[in-house]
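Chemist: Build me a structure from this.
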Amino acid sequence: MLSPEEAFARVQAAVIPVSTEVMGYSDSFGRVLARDVVATTRHPSHDNSAMDGYAVCSGDGSTQSETSRLRVVGRSRCGKPFDGRMSPGTAVRIFTGALIPDGADAVVIQENVTSEARDATQDDGYDIEFSTTVSPGLNVRKAGENYQPGDVLLSAGTVIGPAAVGLLASARALQVEVFRRPRVAILGTGDEVTSPEMATGAPGEIVDGNGPMLQAAACSLGAEVIYQERCGDDPKEQLDWFAKAVLEADVVLTTGGASVGDHDLIADVWEHHGIETDFWKVAMKPGKPLRFGRAIRADGGVCLVFALPGNPLSAWTGFQLFGAPALRRMMGHEAVRPFGVRLPITREMKKRPGRAHFVRGRVVLSSEGYAFEPATRQGSAMLRAAASQSWLGELPADASNVPMGTEICVWHPDSGIRDMHPGPEQTGSGSKENA
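Modeler: This next block holds a predicted model:
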C-alpha cells in the first residue's frame, strides 16, 4: 500500500498539461499563462509628475539660491499638458500623473511652496517661493522606468489575478495564451444514491452530496464540469457512462463502488475500458480505498481517472490530496499544493500505527501562540467538520498516540495556492520543509 506522498508523486507523474488557447485579457482572470507576455511599449510613455506641485528646472540658477522665487507661467494636468517650453526663472503648476513640461526636470511638492496665487484655479501670472534643494529627477516618474519594450511583464506559469489583468490592460496586451480549462466528468454510483431533488427519505436512501461537492471544487479551481451524474449498480449503465466520459473528459471522478463488495463494479468497468490502474489503496485515513489510473484514447490523449470512496469525507480528502493538485498541474500551475506549518495540537489524538490520519480542525490563537484544534467528530461519512473547519492536520503513519502539544503538519488546502511558491521542491502534506 502506498503512502500518501508516494501516491501523490504517482499522480503528479501521470499529469499531462492541457492544450492552450488564446483569449482576451479581460476574460483571462484565474487562468495560467502558457507563454510569456512581453511589453511592446514603454511605461510610463513620458516623464510625468509623481506629486502635486510645481515643475521646475534643477539647473536654473533661480533654484540654486537659499530661497527660490519663480514665476508661474501655466499648468499641466492629466489629459491637458502645458504646451509651451519653460524658460529660466519660471515654473509650471503640475498635478500627479501630468506630463513634465519641456525644459523642466524636477517637481517641488506643493507643501513646500508659498504661493501668491489669487485662488486655486489661477493658471499663471503669480510667483512662488520655496527653500527646498532641487535635484534632477526630484518627484519625477521617468519614461520607461516601469518597463521597456521587450521586457517580460508576466512569465509563463503566472496565475492571472486582478493586478495582472490591470497590467495586461495598461500594456495593451489584448490577447494572451493560457492553458484551457480541463474538462471533468463526475459520477456517483450505487442503487441507493439519489439526487437531493428526488430524495424521499426512504430507508436506505442516500442523498448524493459527493457530486455537488466535487463539482463545486472542480469549478472553483477553474475546471469545466461536463457531467455531474449518477447511476445505479448496473454494469451496462456504468460501462456506457465511462465510454463517453473517457473520450470527452480530461479527468474522471467517481464515488463509490471502488472497493471489493459484490456491488462494487468500478474495477471491472476499468478493465473493460482498458483503464490502467496505477495504484489502489493509500495508507491513509480517511480515504484508503482510492483507485487511480489512466485511460489512453485512440488519438493519444490521456484521461486521468480517480475512483474515490463513497463516504463523503473520504471522497473529499482524496480529492483534496490528489485530485485538486492534479487539476492544478494540468492547468499549468507551478505550485500545486499550499504550504504547511507545524503547530502544536490542542488535545491528545489516538490512532493505530500504519496509516497517516488526516484530521479536520481549525487554527486557534492563545497566549502561547497558534495551535491546531482538531474537530471533535472525524468520521469518514461526516462532512460537517470539513464544511466548517477547513484546516487539515496530518498525524504521522507510524504514530499510535499523539499527545497534546505535539507539533504536527497542518495546512489549508484551499488557500495560498496562487501566492505561495515553495520553489523547485513542491512540498505539502507531512513535509517538514513546509514549516
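Chemist: in terms of contact, does residue 401 touch residue 353 like I think?
Modeler: No: with contacts counted by Cβ atoms under 8 Å, residue 401 stays clear of residue 353, the gap being 9.3 Å. In short, each C-beta sits where N, CA and C put it, glycine included.
Chemist: Do a quick rundown of the helices in the protein.
Modeler: 4-14, 162-170, 210-220, 235-248, 266-272, 312-318, 324-330, 384-388 (DSSP state H).
Chemist: Out of those helices, which is the most enclosed?
Modeler: Most buried of these, by mean neighbour count (mean count of other Cβ atoms under 10 Å): helix 312-318, with a mean of 27.
Chemist: Can you give the contact residues for it?
Modeler: For helix 312-318, contacts defined as Cβ atoms under 8 Å, 6 or more residues apart in numbering pick out 209-210, 213-214, 255, 282, 284, 286-290, 306, 308-309, 358, 360, 378-383, 385-386, 392.
Chemist: let's see 7 Å
Modeler: Residues from elsewhere that reach helix 312-318 (Cβ atoms under 7 Å, 6 or more residues apart in numbering): 209-210, 213, 255, 286-287, 290, 308-309, 358, 379-383, 386.
Chemist: Please list only the buried members of those.
Modeler: With burial judged by 16 or more other Cβ atoms under 10 Å, the buried subset of these is 209-210, 213, 255, 286-287, 290, 308-309, 358, 380, 382-383, 386.
Chemist: just curious, which of the residues you listed is nearest to residue 232?
Modeler: Ranked by distance to residue 232 (Cβ to Cβ), the buried ones among the contacts of helix 312-318 are led by residue 255 at 13.5 Å.
Chemist: and the gap between that closest one and residue 410?
Modeler: 26 Å (Cβ to Cβ, to the nearest Å).
Chemist: Ok, residue 215 next?
Modeler: 27 Å.
Chemist: before we move on, what about residue 4?
Modeler: For residue 4, the distance to residue 410 - Cβ to Cβ - is 15 Å.
Chemist: for residue 311, same thing?
Modeler: Distance, residue 311 to residue 410, by Cβ to Cβ: 22 Å.
Chemist: Pick out whichever of these two has more residues nearby.
Modeler: residue 410 (25 against 21; other Cβ atoms under 10 Å).
Chemist: Do I have it right that that one meets residue 338?
Modeler: No: if you go by Cβ atoms under 7 Å, residue 410 and residue 338 don't touch, sitting 10.6 Å apart.
Chemist: The closest residue to residue 296 other than its chain neighbours and residue 396, how far apart?
Modeler: Closest residue to residue 296 apart from its sequence neighbours, by Cβ to Cβ, 6 or more residues apart in numbering: residue 302 at 6.0 Å. Distance of residue 302 to residue 396, given as Cβ to Cβ: 34 Å.
Chemist: Can you name the residues that contact residue 152?
Modeler: So, once contact is read as Cβ under 7 Å, 6+ apart, residue 152 ends up touching 36, 38.
Chemist: quick one on the thing from earlier: minimum distance to residue 370: which of the helices of the chain has it?
Modeler: helix 384-388 (18.8 Å).
Chemist: Report the rounded mean pLDDT for the closest one.
Modeler: Averaging pLDDT along helix 384-388 gives 87.
Chemist: For that helix, what is the distance to the chain centroid?
Modeler: Here helix 384-388 is found 22 Å from its chain centre; the criterion is Cα atoms, centre = their mean, to the nearest Å.
Chemist: coming back round to it: can you tell me which of the buried ones among the contacts of helix 312-318 are in strands?
Modeler: Among these, DSSP state E puts 255, 308, 358 in strands.
Chemist: The first one and residue 311: what is the separation?
Modeler: Which is residue 255. 9 Å.
Chemist: got it, and the last one?
Modeler: Residue 358 sits 13 Å away from residue 311, going by Cβ to Cβ.
Chemist: List the contacts of residue 412.
Modeler: So residue 412 contacts 338, 390-391 (Cβ under 7 Å, 6+ apart).
Chemist: swap the cut-off to 8 Å and go again
Modeler: Applying Cβ under 8 Å, 6+ apart, we find residue 412 in contact with 338, 390-392.
Chemist: Nearest spatial neighbour of residue 347, chain-adjacent residues omitted?
Modeler: Residue 347 sits nearest to residue 404 (Cβ to Cβ, 6+ apart), 5.3 Å away.
Chemist: Kindly list the main-chain dihedrals of the one you found?
Modeler: phi -60, psi 140 (degrees, to the nearest 10).
Chemist: again with residue 389
Modeler: phi -130, psi 90.
Chemist: In space, what's closest to it - neighbours in sequence excluded?
Modeler: Using Cβ to Cβ, 6+ apart, the closest residue to residue 389 is residue 362 (4.5 Å).
Chemist: before we move on, the earlier item: which among the contacts of residue 412 gets closest to residue 320?
Modeler: residue 392 (7.3 Å).
Chemist: if you skip the residues just before and after it, what's nearest to the closest one?
Modeler: residue 358 (5.5 Å).
Chemist: Provide the partner residues of that neighbour in its beta bridges.
Modeler: Per DSSP bridges, the residues bridged to residue 358 are residue 394.
Chemist: And for residue 364?
Modeler: residue 371.
Chemist: cool, and residue 107?
Modeler: residue 55.
Chemist: next one: residue 179
Modeler: Listed by DSSP bridges, the beta-bridge partners for residue 179 are residue 20.
Chemist: burial of it, as a residue count?
Modeler: Residues near residue 179, counting by other Cβ under 10 Å: 21.
Chemist: Can you give me every residue that contacts it?
Modeler: 17-21, 31-32, 34, 330-332.
Chemist: Which pair in these has the greatest spatial separation?
Modeler: 21 and 330 (14.0 Å).
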